[in-house]
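Visitor: give me the fold of what follows.
(one chain, ligands or ions: 1)
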Amino acid sequence: MYVDLGNILETTPGVTPDILDRLDSRVATAHDRIQTGMENEEHGYAALNLPETVDTDEIKTAVDRFDDPESIITVGIGGSALGAATIDAALSTPDHADTYYLDNVDPEAINALLETIDLEDTVVNVVSRSGTTAETLANFLVVQEAMADADVEWSDRTVVTTGDEGNLRDLADAHDLPVLRVPDGVPGRFSALSTVGLAVAALQGYDLDAIVEGAASEADKLSGSLYDSPAYAYGAATYALAERGALTNALMPYSEDLEYFAEWFAQLWAESLGKDGVGQTPARALGATDQHSQLQLYRAGPRDKVVTLVRPRNRRDRQIPETDLDGLSYLGGSSLGELLAAEFEATEASLAAAGRPNIRIEIDRVDERGIGELLYGMEAACIMYGELANVSTFTQPAVEWGKRAARGLLGGGEFEEAAAVADKRELLIE
Ligand SMILES: O=P(O)(O)OC[C@H]1O[C@](O)(CO)[C@@H](O)[C@@H]1O
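Guide: Numbers count the residues shown, from 1 in each chain. Just a heads-up that it's a prediction; the model follows:
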């Protein structure tokens, strides 16, 4: 992973070259804290040990029994879906199985899927760290029933990833389902490089070891200086910019294969850093598409953003045919890749010219190594940001209120939050 901070200097008042030097001494202290957390396998920090600790053979063995399914349904939400979906979206080709991520409980969408998919040739990958998430368990019950209605023995077509306790673990034990264990100390949004994110990759036959090697290469660069670690450089720079008003981070991959990566990043950044009234709001964008929808705001709207542009340095290209149509000859003979590269560099320059901070992140190509580098790099960047901002990066207490309210509304227990829902003030305009 390569991180270029050139376009943050002088674009934001106070962000000068020496600011990074001053920040670097704090990065050294934060790195020591992170190292200690890794050595002691503390909650959260343990995720950075995964390149060393993940057992890819165990994952491959657990899914061995499923021979080349036509479809894979992953039932999981948040970190229990986004990591797997990001790796799969980056690496899949038409030769791979069709994959579906049931990470919502929209009946229309689920009906449409279950009415069309060949359940007989489908593997169900159920993932929940806590094993108690309502959406995941509800969807699993629905999929079980749909398979039973189709005379498909769901327990022969299901693999589970979960912790040692919880409803899902009980269900898996009761039906003797193959279970992958969620590693200790790894929060959902930091679990892409573990059993949680790699089960689908194993089912698809991706090179798990190459993904892990990519991650390990970023792990090797973690050091006491942001000038040696692209991950820390990104974490420290986005923190410094947030301190100076850049409270939105628009992540803009210039690769359709990385569109899910922006979704994954949004959970990582929002759920980790949104604490105690601070945080940097992730916005998803796609290059070049969103140059034609959101760039106007990024360039001329409030000065409250940093734009992160991500691209592979190498990709399979396609020529644009020669044309003698008036005004189009400049396109003919070049390629889509060259056009996209021009768009990327022009967008960077246009933001800088408008005094808008932007950061370039590159990988060599979107392959197993590349996606491993990106996932690990952004996790380490997030942890560094969290250390500098002094927030508890690995918890998400604010999501529990809504869970209790929803559970109470469905009769799943007495929760004061559910009562509060009934007290909603109404000012209905229709
Ligand atoms: O893996 P689980 O326990 O089902 O949780 C799913 C997601 O829900 C959250 O706990 C938020 O509600 C996320 O942190 C997590 O990734």
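Visitor: what helix or strand is the most centrally placed residue in the chain on?
Guide: Residue closest to the mean C-alpha point of the chain, counted by C-alpha atoms, centre = their mean, is Trp264 at 1.7 Å. If you go by DSSP states H and E, Trp264 is part of helix 259-273.
Visitor: so how far is that helix off the chain centroid?
Guide: Centroid displacement of helix 259-273 relative to its chain, using C-alpha atoms, centre = their mean, to the nearest Å, is 5 Å.
Visitor: all helices for the stretch 51-200 of the chain, in order.
Guide: 56-63, 79-91, 107-114, 134-149, 167-174, 195-204 (DSSP state H, counting those that start in this stretch).
Visitor: list the buried residues for the first one?
Guide: Within helix 56-63, the residues that qualify as buried by neighbour count (16 or more other C-beta atoms under 10 Å) are 56, 59-60, 62-63. Yep, even glycine has a C-beta here, placed from its N, CA and C like the rest.
Visitor: that older thread, correct me, but the residue nearest to the centre of the chain touches Thr86?
Guide: Yes: counting by C-beta atoms under 8 Å, Trp264 does reach Thr86; the two are 4.3 Å apart.
Visitor: on that earlier part again, let's have the helices of the stretch 51-200 of the chain in a markdown table, adding mean pLDDT and distance to the ligand.
Guide: Converted to a markdown table, the helices of the stretch 51-200 of the chain look like this (pLDDT from 0 to 100; distance: least, C-beta to the nearest ligand atom, whole Å):
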| stretch | mean pLDDT | distance to the ligand |
| --- | --- | --- |
| helix 56-63 | 98 | 17 |
| helix 79-91 | 98 | 3 |
| helix 107-114 | 98 | 17 |
| helix 134-149 | 98 | 5 |
| helix 167-174 | 97 | 8 |
| helix 195-204 | 98 | 8 |
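Visitor: okay if I get these as JSON lines plus distance to Glu39?
Guide: Below are those laid out as JSON lines (distance: least, C-beta to C-beta, whole Å):
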{"stretch": "helix 56-63", "distance to Glu39": "23"}
{"stretch": "helix 79-91", "distance to Glu39": "24"}
{"stretch": "helix 107-114", "distance to Glu39": "44"}
{"stretch": "helix 134-149", "distance to Glu39": "33"}
{"stretch": "helix 167-174", "distance to Glu39": "29"}
{"stretch": "helix 195-204", "distance to Glu39": "22"}
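Visitor: select, out of these, the one closest to Cys382.
Guide: helix 79-91 (12.4 Å; C-beta to C-beta).
Visitor: chain center to the closest one, what's the gap?
Guide: With C-alpha atoms, centre = their mean, you get 7 Å for helix 79-91.
Visitor: give me the helices and strands touching that helix, please.
Guide: strand 71-75, strand 98-102, strand 122-128, helix 195-204, helix 259-273, helix 368-389 (3 or more C-beta pairs under 8 Å, 6 or more residues apart in numbering; DSSP states H and E).
Visitor: relative to the whole chain's centre, how far out is the first one?
Guide: Read that as strand 71-75. The answer for strand 71-75 is 18 Å, by C-alpha atoms, centre = their mean.
Visitor: which strands or helices does the worst-scoring helix or strand of the chain on mean pLDDT pack on?
Guide: Lowest on mean pLDDT, DSSP states H and E among the helices and strands of the chain sits helix 416-422, with a mean of 89. Applying 3+ C-beta pairs under 8 Å, 6+ apart, one finds that helix 416-422 contacts helix 400-409.
Visitor: quick check, the helix it packs on touching the ligand?
Guide: No: using C-beta under 6 Å from any ligand atom, helix 400-409 stays clear of the ligand, coming no nearer than 6.6 Å.
Visitor: okay, angle between that helix and helix 134-149 too, please.
Guide: 50 degrees (axes from the mean of the first three to the mean of the last three C-alpha atoms, to 10 degrees).
Visitor: packing partners of helix 400-409?
Guide: Against helix 400-409 (3+ C-beta pairs under 8 Å, 6+ apart) you get helix 134-149, helix 416-422.
Visitor: may I see the buried residues of it?
Guide: Buried residues in helix 400-409 (16+ other C-beta under 10 Å): 403-408.
Visitor: adding distance to Gly279, write the buried residues of helix 56-63 out as TSV.
Guide: Compiled in TSV, those are given as follows (distance: C-beta to C-beta, whole Å):
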residue	distance to Gly279
Thr56	34
Ile59	33
Lys60	38
Ala62	36
Val63	37
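Visitor: before we move on, back to that, just checking: what are the partner strands of the helix or strand immediately after the helix holding Trp264 in the chain?
Guide: Using DSSP H and E, the helix or strand that follows helix 259-273 in sequence is strand 281-284. Strand 281-284 sits in its sheet next to strand 248-253 (parallel), going by DSSP bridges.
Visitor: contacts for the partner strand?
Guide: Outside strand 248-253, the residues that touch it by C-beta atoms under 8 Å, 6 or more residues apart in numbering are 238, 259, 261-262, 265-266, 269, 280-287, 290, 294, 298, 304-311, 347.
Visitor: likewise for stretch 344-360?
Guide: 2-8, 11-12, 15, 234, 237-238, 241, 246, 252, 254, 287-288, 291, 295, 298-300, 303, 305-309, 311.
Visitor: switch to 6 Å and redo it
Guide: 4, 7-8, 11-12, 241, 254, 291, 299, 306-309, 311 (C-beta atoms under 6 Å, 6 or more residues apart in numbering).
Visitor: just stretch 399-408 next, same as before
Guide: Here stretch 399-408 has contacts from 413, 415, 417-418, 421, using C-beta under 6 Å, 6+ apart.
Visitor: out of the residues you listed, which one sits closest to Pro230?
Guide: Glu417 (41.9 Å).
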